[in-house]
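>>> Attaching a predicted model along with its sequence, questions to come.
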Amino acid sequence: MPPTTKEHELTCKELVELVTDYLDGKLSAEDERRFSEHLALCEGCNAYLQQMRITIATLGKLTEQSISAEAKEKLVHAFRNWKA
């Protein structure tokens, strides 16, 4: 395998865009290698990845009944206006 060159290094922005596919095991072997190499050097992206894992684990425990009507309304409003 050829050594990583600057043009093949993953940026922080690219890592953020790929994190869901990484967690789902959907990255190509090359992208997974680049992802892992970036994590080995970037404390901030490691923290982001850990936050994503915690968020996914926490949200997976929520049920619709466990969310107050007020919180549900705020979430619906936020997602309806997300791209606005």
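Sure, I can see it. Numbers count the residues shown, from 1 in each chain.
>>> any idea which element the residue positioned nearest the centre of the chain lies in?
The centre of the chain sits closest to V19, judged by CA atoms, centre = their mean, with a distance of 3.7 Å. When elements are assigned from DSSP states H and E, V19 belongs to helix 12-23.
>>> now the strands for this protein?
Counting by DSSP state E, the chain forms no strands at all.
>>> Check which helices and strands the lengthiest helix in the chain is in contact with.
Longest helix of the chain, by residue count under DSSP state H: helix 43-59. Applying 3 or more CB pairs under 8 Å, 6 or more residues apart in numbering; DSSP states H and E, one finds that helix 43-59 makes contact with helix 12-23, helix 29-41. To be clear about C-beta, it is placed using only N, CA and C from the backbone, and glycine gets the same treatment.
>>> now do 6 Å
The elements that helix 43-59 packs onto, with contact taken as 3 or more CB pairs under 6 Å, 6 or more residues apart in numbering; DSSP states H and E, are helix 12-23.
>>> who touches the helix it packs on?
Residues outside helix 12-23 that contact it (CB atoms under 6 Å, 6 or more residues apart in numbering): 27, 35, 38, 45, 52.
>>> Find the nearest non-adjacent residue to the last one, please.
Closest residue to M52 in three dimensions, ignoring its sequence neighbours and counting by CB to CB, 6 or more residues apart in numbering: V19, at 5.6 Å.
>>> swap in the second one?
With sequence-adjacent residues excluded and distances taken as CB to CB, 6+ apart, F35 is closest to Y22, at 5.4 Å.
>>> Could you do the first one as well?
Computed as CB to CB, 6+ apart, the closest residue to L27 that is not its neighbour in sequence is D21, at 5.2 Å.
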